[in-house]
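# Make a model of this:
(one chain, ligands or ions: 1)
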Amino acid sequence: MGKKRIFEIAKEYGVKSPEIIELLAKHNITKTNFSSVEESDVAIIHAAFSKKAVKQEQPQAVHKTEKPQASGSAEKAKPAATSSPAKPRPEKTERPSMIVKPIIMTVETNAEGKSTITHNALQRDKAVKPVSTENKPENRAAVTQNQTVNNDGKNKYRNAPNHINADNKGPKTEKGFGSAATPAKAAEKPAGAGQVTGERNLNANLNRGPQNRPMPAQGNMNRPNPNRDFNRQGQNQGQGFNRQGQNFNRGDRQGQGQGQGFNRQGQNFNRGDRQGQGQGQGFNRQGQNFNRGDRQGQGQGQGFNRQGQGFNKDKDANQGNKFGGNRPGNRNNNAVKKPAGGFEEIPRGKESREKYNKKHEKQLKGSYASRDSRPMRSADHMRPTKHLKSKTGAPVRNEQHITVVRPTMVQIAESINVQEFAKMIKREVAEVIKSLFLLGEMVTINQDIDFDTATLVGNEFGVDVQPLPPEEDPTEIPEIEDDPAEQVVRPPVVTVMGHVDHGKTSLLDAIRKTHVTAREAGGITQHIGAYTVTTGGKKITFLDTPGHEAFTAMRARGAQCTDISVLVVAADDGVMPQTVEAINHSKAAGVPIIVAINKMDKPAANPEHVKQQLSEMELIPEDWGGDTIMVPVSAHSHQGIDDLLEMILLVAEVKELKANPKLPAHGTIVEAKLDKGRGPVATVLVQRGTLTIGDYIIAGTAHGRVRALINDRGEKVRKAGPSTPVEVLGLNEVPQAGDILDAADEKIARGVAEKRIAKAKAEQQKAAKVSLDDIFSRIKEGELKELNIVVKADVQGSVEALCASLVKIQNEEVKVTVVHSGVGAINESDVMLASAANALIIGFNVRPDANARKIAESEKVDIRPYRVIYDAINDVEAAIKGMLAPKFEEDVIGRVEVRQVITISKMIIAGCYVTEGKVTNNAKIRVVRDGIVIAEDEMESLRRFKDDVKEVAAGYECGITLAKFHDIKENDQFEVYIMKEVSPA
Ligand SMILES: Nc1nc2c(ncn2[C@@H]2O[C@H](COP(=O)(O)OP(=O)(O)OP(=O)(O)O)[C@@H](O)[C@H]2O)c(=O)[nH]1
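Numbers count the residues shown, from 1 in each chain. Just a heads-up that it's a prediction; the model follows:
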């Protein structure tokens, strides 16, 4: 057990080291924090502090360096107190989940010109990682002298005294770094223990960067330890990443190499009879030790770059201790003559030190080695502190406080430049790069790192990295705060869905007691309507969605702005494809489903079968123990309608549907059309707030002041609250179904509309551009045919439905492209566009105006007006089939046997007999010999006797000459076939 040192004793007695040093000084004993204490000294200390010793309250360890001996001779380096390493103080605090306060680091200067740093970041860090440092496999880079001696894989940095004697101001060692020791003494030193010879902790904090980083287990990634001879002992310890703790021994030698950190550390090369120890901590090529001849050498290195190298030649003994710095000339060719570190002694005292700093300012700049010595910089904690004195001339403690503020939280975008990030977190770029390096990212100063990487790096430095709040979209109306206290109960919005003809419209009619069906062209609901009904004093808003497949897109949207979905299933028909689709849409939108089993009045009604089918789709009826409400109804006899409404209200009650009517209106455009007399008319479902006449509204790119509001019964109203469908007049253009409507300040609305128009234009332009990919795919497609179509319809819903159906028609060979679509009559520009794009125009419920008709005639543009969507789709389908390239199929029409081969003036004539079918003069011939096809050719001539004939039937003889193949032999079989056109599927 070695002698105890001041700071350890201080800890034991619960006092600060300076107090002990002061006490001993009174007894004419000069000691520093790291000085060991003689028995006699201990007695003095014990006498003075024994009472205090009881209270062991986390003493603040003060890190000091030893005062130089008056003689200036190389003091024996104290072996590291491996048996009693500076233990980390027990951690009591825990890291708060989010740290918002900045790190304040205060550098205190004491009377002796030593600086200590009280550092709430460090304390915070302690809270962050309680005790965990004990378990770390690697030593962290920041190593002060006492850390050196804890070279046991444990890191005391966070727990160690928070002092950074980084400013070259500690008691300046006259011995410098890497001072020499005698071989004998060096040999005594335990391998692996820190060799404490140089007392100055120059640059001790240089490598405080990345901590807690995952490093491989000790020595795991090290290269094997090559020992090439007998009689040698080679020890190799490595921690970290690469080539650490290498040890090369030749001859009778002992070599020990220890390496911790990152790269090539603790290398030890020994040749001849020698003993060598190499220790390295830090980053790069540390602790190298090269010994040749009969020699003993020790090399220690800590810090950043190529430190602690020791070269021993001849029979010198050599020890080198280096801490930090960049290539600080760490070679100990003759340790006795020259301090190994090559450092100039730094003068003590304020004035002389200032002079020194001034003198070295230039050379120190930009060097890691000199970072500690540099004047204070933004993120620096190594500033030379002033050595102040009180008026009386006595040294005063804490005269100067330097505060460094580092952020504990930064916000970044998706990626950030390394340099910028370092600046942001107030760290050196090299620290950040190093951290990234250790995380496996090789980056340069100008490279960008993504958010996740920045988060990891931020964690290394105790900085919480958060994403920047999303930029406000100029094409969106600013969000308004919705106070839940202001919200009131609103009616449910119900979508009626189901397979075509299962009775959706009839059911709504039955509910509204009106007859919408009769008015519809083709008897099919063409677009969404919305109605409000009152039952038992409560309102329900229904959105009627069309049943045809073509309206899938619209129906899906309908489900999204609704609260409850009523699934109509005909009791006599059961679950059909669109029933399944409707279920999927509702489920996807998270909307509860109430099943209305319709047409119960029909004799063929089989509700149990419907339930059975639905239960297979995970809609288990309540009476079967499930949770899906199923109501048998009849739109004709009105059976069960009240039950259905009751169930809707029940579900709505459970959902607690609420909205704030006091806010500016916010809703969805359910339908929009261009009315000749009234201009653009939009059906809006108000979802939040109240829409009032005079409000300025925006929906998509359309905007304007509300001129009139018409409810679902055709009555003019002044306002419409939440869950109310209402027709709105006053927009400057027809919005799109599904657009969000907002009431807003006119200026804002106009601005937003302009931005949306610009955005849409830009997107259109972008879409119009032909990309390289596009060109390539077209080349690949080769025979690609495109059918361009312009679609015009009376309402937006129909436009969408048609477009969706038309695009679906396309097959492998023909592509249907809707080059333009819109609401309103077919006009001149539609025709011109169709002409330019070689498109046909499909009009649904709209007619071309006179001008358009004229131009269409002259431009030969085909305009097809329709009243029923099916017809339009069917026609296009037929047109596509007509456009398909004809397909041919082989048709074998006969078989012929060659009975004789005749040669007349170089012509080879096969004398044949038709065994099967027939042979025609335009047929193709496949020559088969012994079951193997040997040629395929075309007929050149077909003759009977001397006459050319068109065909010869089975059982007759004929003469056949082939166009190319002349090697015909007797008994060859001719398979006679023609290519027949087949109609496309
Ligand atoms: N017997 C009987 N027939 C009904 C009932 N409900 C609807 N129908 C008939 O079923 C047919 C289709 O009814 P619609 O209401 O148009 O069906 P839909 O689901 O709205 O059809 P689309 O609008 O085409 O999607 C009509 O002939 C109705 O008269 C009912 O409860 N009983």
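# From now on I want contacts and neighbour counts done on CA atoms only, so please keep to that.
Noted.
# Name the helix or strand for residue 915, please.
Using DSSP states H and E, residue 915 falls within strand 907-920.
# Show me what the following helix or strand past that strand is packed against.
Once the chain leaves strand 907-920, the next helix or strand it forms, by DSSP H and E, is strand 924-929. Other elements packing on strand 924-929 under the criterion 3 or more Cα pairs under 8 Å, 6 or more residues apart in numbering; DSSP states H and E are strand 932-944, strand 973-982.
# Give the pairing partners of the following helix or strand past the longest one; include direction for each.
Downstream of strand 932-944, the first helix or strand assigned by DSSP H and E is strand 947-948. Strand partners for strand 947-948, identified by DSSP bridges, are recorded as strand 932-944 (antiparallel).
# quick one: contacts of the strand it pairs with?
920-928, 948-952, 957-965 (Cα atoms under 8 Å, 6 or more residues apart in numbering).
# Quick one: buried ones out of these?
Those of the contacts of strand 932-944 that meet the buried threshold are 920-928, 951-952, 957-962, by 16 or more other Cα atoms under 10 Å.
# give me the subset of those residues touching the ligand.
Residues of these in contact with the ligand (Cα under 6 Å from any ligand atom): none.
# State the number of residues packed around the one residue in the stretch 301-450 of the chain that gets nearest to the ligand.
Closest residue of the stretch 301-450 of the chain to the ligand, Cα to the nearest ligand atom: residue 414 (47.5 Å). If you count neighbours by other Cα atoms under 10 Å, residue 414 ends up with 13.
# repeat for residue 29
13.
# Quick one: residues contacting it.
Taking Cα under 8 Å, 6+ apart as the contact definition, residue 29 lies against nothing.
# and residue 736, which of the helices and strands packed on strand 924-929 is closest to it?
For the helices and strands packed on strand 924-929, proximity to residue 736 was assessed by Cα to Cα; strand 973-982 is nearest, at 43.8 Å.
# ok, that closest one: who's next to it in the sheet?
Using DSSP bridges, the strands paired with strand 973-982 are strand 887-904 (antiparallel), strand 924-929 (antiparallel).
# Go through the helices and strands packed on strand 924-929 and pick out the most buried.
strand 973-982 (a mean of 19; mean count of other Cα atoms under 10 Å).
# where do the strands sit along the stretch 351-500 of the chain?
For the stretch 351-500 of the chain, strands defined by DSSP state E, counting those that start in this stretch occupy the ranges 401-406, 409-412, 415-417, 448-450, 464-467, 488-489, 493-498.
# any idea which of those is most buried?
The highest mean neighbour count among those, using mean count of other Cα under 10 Å, belongs to strand 493-498: a mean of 30.
# for the record, mean pLDDT for it?
Mean pLDDT, strand 493-498: 86.
# now do stretch 468-485
On average, stretch 468-485 scores 79.
# that older thread, got a pLDDT number for the residue of the stretch 301-450 of the chain closest to the ligand?
Predicted confidence (pLDDT) for residue 414: 85.
# The closest residue to the ligand within the stretch 651-800 of the chain in helix, strand or coil?
In the stretch 651-800 of the chain, the residue that lies nearest the ligand is residue 798 (13.5 Å; Cα to the nearest ligand atom). Of the three states, residue 798 takes helix under DSSP: H, G, I helix; E, B strand; the rest coil.
# cool, the one 4 residues further on as well?
In the three-state summary, residue 802 is assigned as helix, counting by three-state DSSP.
# Residue 869 is in contact with that one, correct?
Yes - the pair formed by residue 802 and residue 869 meets the contact definition of Cα atoms under 8 Å, at 7.0 Å.
# more neighbours, those two?
Counted by other Cα under 10 Å, residue 802 and residue 869 do not tie: residue 802 has more neighbours, with 26 against 21.
# Tell me, how many residues neighbour residue 875?
Neighbour tally, residue 875, other Cα under 10 Å: 12.
# Look at it and tell me its secondary structure.
Following three-state DSSP, residue 875 is assigned to helix.
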